[in-house]
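Enquirer: Sequence plus predicted model, see below.
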Amino acid sequence: MTGENQYQSICSAALEVVREAAIFVRSHHENREGIKIEVKGEHNFVTQVDKQAEEILVRGLSALFPEAGFITEEGTSVKKGKIHNWVIDPIDGTTNFIHGVFPFAISVGLIEEEEVVAGIIYEFGLDEYFYSWKGGGAWLNGKPIRVSDVETVNQSLIATGFPYTDFRYLDEFIDSIHYFMHHSHGLRRLGSAATDMAYVACGRYDGFYEYGLHAWDIAAGLLLVKEAGGDFSDFNGNKHVLFREDIVCSNGKIQKEFYNATSKIMLKK
């Protein structure tokens, strides 16, 4: 499968699968009594809604693209594709979902080898579908989106994610909070990395950084940011970040300054 038209076609079809899963998740959000919560680790939760939503996505995407395999947060499919794999987070922001707080989102990315070629993020609170395909730009509910035009970190609104299971860099992270509180328009933490990256892509945020991430947290967001004109790397400057655990992404215009500040603090360079 190559070419912009093929990527667009599969992205459009995948959107319908995401819509089906979204209807299911929303129905349980509106009636949360009886939701069973399992503990995967310290402060790391999963519900039967996560697992069932993932099963809906796996089933629908399998029918859409039988050759593709899966990389899923909840492990409902172990099938691996030779070239293509769907990277799925059925509810990014499960803790928010459990407490009835927005945002939380479905994140679905299609990778070809290790390149993301289609991505969808659906954020429930504002009923927003963000999507992109390789070479096709980035879109929000049918309208094209672009990153912001802000040129300095001092003029930027920055997003991050608090560590909740991995506290290896907690001191450094606290230092980064101090820095960006003093050197930006403000710092925000929503609790959904996928939503944070979608907001960078549409210009609501100018930058986002976090550590302790997984491929399913960022796959769709990487393509959205790229197709919307943004840039990203990990804390070491590596551009191949899909299977890395940390990210610094931005509108591109502040990337050098933002990366230098973040990596200096987080890695104590």
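Expert: Alright, I've got the coordinates.

Enquirer: What is the burial count for Ala198?
Expert: 34 (other C-beta atoms under 10 Å). From N, CA and C alone the C-beta is placed, and that goes for glycine too.

Enquirer: Confirm that it sits in a helix.
Expert: Yes - Ala198: assigned to a helix according to DSSP: H, G, I helix; E, B strand; the rest coil.

Enquirer: Look up the closest residue to it, ignoring the ones flanking it.
Expert: Phe130 (4.3 Å; C-beta to C-beta, 6 or more residues apart in numbering).

Enquirer: what helix or strand is that neighbour on?
Expert: strand 128-133 (DSSP states H and E).

Enquirer: and what of Ile111?
Expert: Under DSSP H and E, the secondary-structure element containing Ile111 is strand 105-112.

Enquirer: Now do that strand: which elements does it pack against?
Expert: helix 4-29, helix 48-64, strand 84-92, strand 115-123, helix 193-201, helix 215-227 (3 or more C-beta pairs under 8 Å, 6 or more residues apart in numbering; DSSP states H and E).

Enquirer: just these: most buried one?
Expert: helix 193-201 (a mean of 30; mean count of other C-beta atoms under 10 Å).

Enquirer: Name the surrounding residues that touch it.
Expert: 89, 92-93, 103-105, 107, 121, 123, 128, 130, 132, 138, 140, 145, 147, 159-161, 190, 205-208, 210, 213, 217-218, 220-222, 224-225, 227-228, 230, 249-251 (C-beta atoms under 8 Å, 6 or more residues apart in numbering).

Enquirer: Count the residues that sit near the residue nearest to Ala198.
Expert: By other C-beta under 10 Å, the residues close to Phe130 number 27.

Enquirer: Same list, the helices and strands packed on strand 105-112, but as TSV with distance to Phe243 and mean pLDDT please.
Expert: Listed next are the helices and strands packed on strand 105-112 as TSV, based on distance: least, C-beta to C-beta, whole Å; pLDDT from 0 to 100:
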stretch	distance to Phe243	mean pLDDT
helix 4-29	21	93
helix 48-64	20	94
strand 84-92	10	96
strand 115-123	11	98
helix 193-201	15	98
helix 215-227	6	98
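
Enquirer: so which of those gets nearest Ala261?
Expert: When those are compared by C-beta to C-beta, helix 193-201 sits nearest Ala261, at 16.3 Å.
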